[in-house]
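1. coords please:
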Amino acid sequence: MKGSTFHQLVVFRTIVEEGSIRGAARKLEVAPPSASHALKQLEAHIGLPLFTRSTRRIELTEAGKLLHEQVSGAISTLDFALESVQDLNTSPSGKVSITLPRFAFDFFLRPIYAEFCARYPDIQLEISVSDKSVDIISEGHDMGIRFGDRIDPGMVARQLTAPMREALFVSESYIERYGVPKTPDDLKDHKLIQYRYIASNQLAPLLLQSQGQAASVQMPLALIVNDTDVMVDAARKGLGIGRIVTPLVAEDFKRGSLTPVLEANWYPYPSLFVYFMQNSQKARRVRVLIDFLVEKGAALFSTIP
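-> Numbers count the residues shown, from 1 in each chain. From the prediction side, this is the model:
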């Protein structure tokens, strides 16, 4: 690949990431006309427009989308290779970006990220909390956290926690008014605090385990929330039966502010894993965060109720 073409591809990818030519120029520390010229040269070389432009925004064409999918991983691999050599004489530094769902931030990352920042003061940590399924390459993240180790080709996953379950729970005030369900069939006479996914706007199905089989359960609803803190708060106030992965309510169970119900039927979830590009751990700023997360996962969450 010619050096000029590689530069044009880097400019192109940065325009996609920043959403504008001016933003890309600012990130690359070049003049906006230089970034615009590089894009025009790349489009002339390919023979197709890569963006549609208006006075308000710039959007990828079909050719642009395809090119971005094809080159993003390759450019990142080259960046990581160069960075790994530069790291030999420096302490870990630069920006490292991680994306993860709200519940994973609340119970896993929230207690430990300040320690990471203190341990590596030259690293700028960027945390993106999102419940949607994220393509870390196209969205510019170095790594993500999610359930399970099913990953795309070219990715690596490392386990962070033990498997967990989705707990059902109620407050003492709820028990005084409505009693406790003894079997899954009793749930028809109770009310659920339901969860709605922010990204998809879909209600999360309530799944229970019985004799090794999972079954979807329908219940009357007390209210619908899209935040885990609100879920727990509503359950504490006795509005209905709450549902959330076990680590987020373990302390409530210990204190007695919430009571687990139908524990034998709680639905199992796989472990949390951190996933990242295969070559990204060559960069020390990325590698030290991965190692830190694995270290803390082993120490704090070797067993999860």
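2. what sits against residue 118?
-> Listed by CB atoms under 8 Å, 6 or more residues apart in numbering, the contact set of residue 118 is empty. No exception for glycine: its C-beta is placed from N, CA and C like everyone else's.
3. can you check the one 4 residues further on too?
-> Listed by CB under 8 Å, 6+ apart, the contact partners of residue 122 are 91-94.
4. As PDB, could you dump the C-alpha coordinates of the helix or strand containing residue 251?
-> Using DSSP states H and E, residue 251 sits in helix 250-255. Output of helix 250-255 as PDB, limited to C-alpha atoms (Å, rounded to 0.1, in the frame of the first residue of the first chain):
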ATOM      1  CA  ALA A 250     -26.400  -9.200  47.100                       C
ATOM      2  CA  GLU A 251     -25.900  -6.500  49.700                       C
ATOM      3  CA  ASP A 252     -29.700  -5.900  50.000                       C
ATOM      4  CA  PHE A 253     -30.100  -9.600  50.600                       C
ATOM      5  CA  LYS A 254     -27.400  -9.500  53.400                       C
ATOM      6  CA  ARG A 255     -29.000  -6.500  55.000                       C
END
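5. With secondary structure and pLDDT as added columns, please give the contacts of residue 122 in CSV.
-> As requested, the contacts of residue 122 are arranged in CSV below (DSSP: H, G, I helix; E, B strand; the rest coil; pLDDT from 0 to 100):
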residue, secondary structure, pLDDT
91, coil, 77
92, coil, 83
93, coil, 84
94, strand, 88
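6. Show the buried residues in those.
-> Those of the contacts of residue 122 that meet the buried threshold are 92, 94, by 16 or more other CB atoms under 10 Å.
7. Name the residues of the helix holding residue 251 that are buried.
-> Neighbour counts using 16+ other CB under 10 Å place 250, 252-253 of helix 250-255 among the buried residues.
8. Quick check: which of these has the minimum pLDDT.
-> For these, the model is least confident at residue 250; its pLDDT is 91.
9. Low-confidence regions, the stretch 1-150 of the chain specifically.
-> Along the stretch 1-150 of the chain, segments meeting pLDDT under 70 span 1-3, 54-56, 73, 75-90.
10. residue boundaries of the strands in it?
-> Using DSSP state E, counting those that start in this stretch, the strands found in the stretch 1-150 of the chain span residues 51-53, 58-60, 94-100, 123-129, 143-147.
11. As CSV, the ones you listed with distance to residue 41 would be great.
-> Shown next, in CSV, are these (distance: least, CB to CB, whole Å):
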stretch, distance to residue 41
strand 51-53, 14
strand 58-60, 17
strand 94-100, 28
strand 123-129, 31
strand 143-147, 33
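12. Can you check which of those strands gets nearest to residue 215?
-> Residue 215 lies closest, by CB to CB, to one member of the strands of the stretch 1-150 of the chain: strand 143-147, at 19.8 Å.
13. Show me what the closest one is packed up against.
-> Applying 3 or more CB pairs under 8 Å, 6 or more residues apart in numbering; DSSP states H and E, we find strand 143-147 packed against strand 94-100, strand 272-277, helix 284-300.
14. Give me whichever of those is most buried.
-> Comparing the helices and strands packed on strand 143-147 by mean neighbour count (mean count of other CB atoms under 10 Å), strand 272-277 comes out on top with a mean of 23.
15. So what's the gap between that one and the chain middle?
-> Distance of strand 272-277 from its chain centroid, counting by CA atoms, centre = their mean, to the nearest Å, is 9 Å.
16. average pLDDT across it?
-> Mean predicted confidence for strand 272-277 is 90.
17. what's the angle from it to strand 94-100?
-> 130 degrees (axes from the mean of the first three to the mean of the last three CA atoms, to 10 degrees).
18. one step back: gap between the helix holding residue 251 and the chain center?
-> Distance, centroid of helix 250-255 to centroid of chain: 26 Å (CA atoms, centre = their mean).
19. try stretch 200-214
-> Chain-centre distance of stretch 200-214: 21 Å, with CA atoms, centre = their mean.
20. Same question for stretch 127-134.
-> Per CA atoms, centre = their mean, the displacement of stretch 127-134 from the mean C-alpha position of its chain is 4 Å.
21. In PDB, could you pull the C-alpha coordinates for that stretch?
-> The C-alpha trace of stretch 127-134 is given here as PDB (Å, rounded to 0.1, in the frame of the first residue of the first chain):
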ATOM      1  CA  ILE A 127     -16.100   4.800  29.800                       C
ATOM      2  CA  SER A 128     -19.100   4.400  27.500                       C
ATOM      3  CA  VAL A 129     -22.200   2.900  29.200                       C
ATOM      4  CA  SER A 130     -24.700   1.500  26.700                       C
ATOM      5  CA  ASP A 131     -27.100  -1.400  26.700                       C
ATOM      6  CA  LYS A 132     -27.000  -1.900  23.000                       C
ATOM      7  CA  SER A 133     -24.800  -4.500  21.200                       C
ATOM      8  CA  VAL A 134     -21.700  -2.500  20.200                       C
END
